[in-house]
Structure formats: C-alpha cells, structure tokens
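Asks: Below: sequence and its predicted model.
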Amino acid sequence: MSTSTAHDVTTPVDPEIDRLLALARLHLGMEVAWLSAFTEGEQVIVAADGETAAMNVELMTGTALDGSFCTRVLAGTLPEVVTDARSHPVTRDLAVTRDLNIGSYVGAPWHGADGTVLGMLCCLSRHADQRLTEQDARFVRMLADLISDHLSSPAALARHLTRRSEASVREVLQAGAVHTVFQPIVSLRTGAPVAFEALSRFDPMVFATPDRAFAAAARCGLGAELELLAVRRALEILDRLPPGIRLNLNLSPEVLTAAGTERLLLDHAGHDLGVEITEHAQVYDYPGLLAHTRALQAAGVQILVDDAGAGFASLSHILRLRPDIIKLDISLVRDIDTDLVRQTMARSLNMFATETGAALIAEGIETATELDTLRGIGVAYGQGYLFGLPGPVPST
C-alpha cells in the first residue's frame, strides 16, 4: 500500500505520521484519515491518507473550526463515532457534511506537552457504517496519543509543516504544474484591452490559493524557483497575444535581481512586456534593484509598481524606481464612488503619475459607479471583474 496525500504524494514526508494515518484508516476500513492542526479559529489538514480527492479533502488548507465535526466532538455535543452523518441530528445539516460528502466519522484530539489540544486525528468515509463502535474510538484515541508524543512540541509541528510544504512545492516544480490565466487591463475611455496580467494558478488540492503556494515556497527557500517557473509559463504565450498588447509579469525584487532573471526577460524584450514589482516588504538594496530595472527599461520592458497606496513599501518603490506605470491598490478603488477620502487619494496619485510621466492603472474595478468616478478623476486605465475575469489568453 502506498501512502497518499490530498495531492497523491507517494513518498512520505514524515514516515511516522504517514504510518499512523494509514494504520488508522485500514484498521477502521475507512476511506480517508487525516491529521489537522488548530490555528486562529481554523483547522489545517497537515497530513492525509486515502481517497482524499474523492472526498474533497485539501491538504494545507484552513477551514473554520466552528463549522466542523471536530469542535463539536471537543465540546461534547457530538460523539467521537458517527455512524451515519447524514441522519445524525448534529451533523446532518452541517455544510461540511455536504461539502466533504461525509457518511461516517471517527475523531480524537491530539495534544501538546502541556495537555493543550493542538488538533484532531479523523477518519472518514462517504458511506454510513454501522459497524463503527466505541472500540474504534479507543483505537483512534490511542493513535492520537502516539501522534501527540511524536509532535508534542511546537518546533516538531513546525518542522512537519515545513517538510510537507516543501514536498508540495517540489512536486509543483518537478512537474511544472503552474497554470497561467490572464486578466485584461483596459482603457477606461474606450474599454479596449491594452495589456493582460499573467496570474498563476495551482491544483487546488495542493494549494488552495496562489498566495499559499508562493508563501510555502518562500518559507522553504524555493520562492525564486517557483516565481521563475511562473514567469516561464507566462512567457510561452507571448506570440499569441494580439499586436500591441502588453504582457505583465509579477516578480519580487529578490527574484528580479537574481542571477539569470534579467537575461530571461531581455531575451523576450522584443515583445511588449511589463514587470510588476510585487514585494510589500522593505527593499534594502535599491541601487542594485534600480540597475536591473534601468537595464530592462532601456530594452523596452516597462516597469510597474503594484498596490500603490497600500503601504510604505509601494510608495518607496515609486519614489526610488521611477516606474513607467503605477497600479492603484484595490483598497483605494473599492467604494471609491461613495468615499471622498479615496477619491482625493486617487486624484493625488493620478496627478503625481501625470507629472512624472507615468500611467496609472486602477485595480479591482467591479461596478459601473466606481468606473464613472475613476473616469471623472482622470484615471486612464483599469483592471477588475467589471472588464473580465482571469481566463485563457485571448485569440488573435
């Protein structure tokens, strides 16, 4: 029997945890066993074994504790064994019963060294199972105690999470498993597209959101590799873009200044290309970053600063890098039609952009009234669901 996780990993990241999960699942004859960790009102499934995809179980994804079986077991309002979740009065109307198609369930908590509940060991199946008894609950409690001994310290749990995240990221890198979608940036005057921003997507059974994927990669030292894979995937469609339409790529300053990145971009500089600098943290080597952005601009690559108005970092980028394009953060665009403060801020940034020779793009436009307000302020370009969802590259 090969150990599997929510994304069909066949090589165990923590052999002891994987062994105990497989033992729990096989002994009870159930389809899935998982180990969760509690954090800030959520439970995150940190390891899983069995038919996870069939039950919509997502690894490393947080779900609200208040909607779970687990919190009810801990509160004493639900027994550790549920033989028929669709008919049990506590679970039959829960969204998680429907979402995960839970028919039967056995769960027990695992603890830290001080006795604090840190998470749950759960076994689930899609079908009801009247064979499950209190003896099965005792078996799962015993395995949960073994897991507690193995992961009782925060450092041990952190190491487990890091190993699991690193394994997931390495799988993505090895398989090249990045899917690129494109969102239009349009002229607010005509509505015609002037550019497309390339956005990365991942298998949701591996990483529920792109942010989670890039954060996991950064934590285990693989952030640059994942960013560059995303860039290479996006560059594959350059020849299919309509003439005169720019392709915008997202890069952090660290990756933009890394060896080989500038060469990769310059090799494609004959196309209409833009680089959105996405970092929110402080940059300590602006001269080094500036040398790279100047070389790209000299070759015709446009430099964009993302999320203007969202914090100090983006304003520092604007002042130091002198970008070709400034992107007005969605937090300033949302409800701008009814908020005088947002209107004043947008007007000031638009004036700044105009006087420094930069263009301004408003991000996150969702309503016609937001569009009308931004037009009235004089913003030339926009992006948001009002103009199009991220999707396939448009045909020429």
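Replies: That came in fine, so what should we check first? Residues are numbered from 1 along each chain as shown.
Asks: average model confidence for stretch 200-217?
Replies: Stretch 200-217 shows a mean pLDDT of 86.
Asks: Quick one: end-to-end distance for it.
Replies: 14 Å (C-alpha to C-alpha, to the nearest Å).
Asks: ditto for stretch 260-276
Replies: So stretch 260-276: terminal residues 18 Å apart, C-alpha to C-alpha.
Asks: next one: it to chain centre, how far?
Replies: Relative to the centre of its chain, stretch 260-276 is centred 25 Å away, using C-alpha atoms, centre = their mean, to the nearest Å.
Asks: buried ones in that stretch?
Replies: 261-262, 265-266, 268, 272-276 (16 or more other C-beta atoms under 10 Å). Placement of C-beta: from N, CA and C, glycine included.
Asks: same question, stretch 298-309
Replies: Those would be 301-309, for stretch 298-309 by 16+ other C-beta under 10 Å.
Asks: pLDDT on it, on average?
Replies: 88.
Asks: hmm, who's touching that stretch?
Replies: Contact with stretch 298-309 is made by 246, 248, 250, 265-266, 269-270, 273-278, 280, 293, 296-297, 314-315, 317-318, 321, 323-329, 331-332, 345, 349, 361, 363, as judged by C-beta atoms under 8 Å, 6 or more residues apart in numbering.
Asks: at 7 Å what do you get?
Replies: 246, 248, 265-266, 269, 273-278, 293, 296-297, 314, 317-318, 321, 323-329, 332, 345, 349 (C-beta atoms under 7 Å, 6 or more residues apart in numbering).
Asks: just stretch 234-252 next, same as before
Replies: 180, 193-198, 227, 231, 268, 271-279, 302, 304, 393-394, 396.
Asks: and if you look at stretch 200-210?
Replies: 6-7, 53, 58-59, 61, 168, 172, 177-181, 213, 216, 230.
Asks: Which of those residues are buried, as a PyMOL select command?
Replies: Per 16+ other C-beta under 10 Å, the buried members of those correspond to this PyMOL selection:
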select buried, resi 6+7+58+59+61+168+172+177+178+180+181+213+216+230
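Asks: Using CSV, write out every CA atom in the helix or strand harbouring I303.
Replies: Secondary-structure assignment from DSSP states H and E places I303 in strand 302-308. What follows is strand 302-308, C-alpha atoms only, in CSV (Å, rounded to 0.1, in the frame of the first residue of the first chain):
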residue,chain,number,x,y,z
GLN,A,302,8.0,48.6,-18.8
ILE,A,303,8.3,48.7,-15.0
LEU,A,304,5.2,48.7,-12.9
VAL,A,305,4.8,49.3,-9.2
ASP,A,306,1.9,47.3,-7.8
ASP,A,307,-0.5,48.2,-4.9
ALA,A,308,0.2,51.9,-4.7
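Asks: hey, where'd the strands end up in the stretch 151-300 of the chain?
Replies: 179-187, 193-201, 246-251, 273-277 (DSSP state E, counting those that start in this stretch).
Asks: got the contact list for the first one?
Replies: Strand 179-187 is touched from outside by 192-201, 233-234, 361, 380-383, 387-388, 390-391, 393, with contacts defined as C-beta under 7 Å, 6+ apart.
Asks: what mean pLDDT does it have?
Replies: 96.
Asks: what's the offset of that strand from the middle of its chain?
Replies: 18 Å.
Asks: Just the C-alphas of it, formatted as PDB.
Replies: Presented in PDB, the C-alpha positions along strand 179-187 are these (Å, rounded to 0.1, in the frame of the first residue of the first chain):
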ATOM      1  CA  HIS A 179      -1.400  27.100 -15.000                       C
ATOM      2  CA  THR A 180      -1.400  30.700 -16.200                       C
ATOM      3  CA  VAL A 181      -4.600  32.800 -16.600                       C
ATOM      4  CA  PHE A 182      -4.700  36.300 -18.000                       C
ATOM      5  CA  GLN A 183      -6.800  39.300 -16.800                       C
ATOM      6  CA  PRO A 184      -7.300  42.300 -19.100                       C
ATOM      7  CA  ILE A 185      -6.200  45.800 -18.400                       C
ATOM      8  CA  VAL A 186      -8.300  48.200 -20.400                       C
ATOM      9  CA  SER A 187      -8.600  51.800 -21.500                       C
END
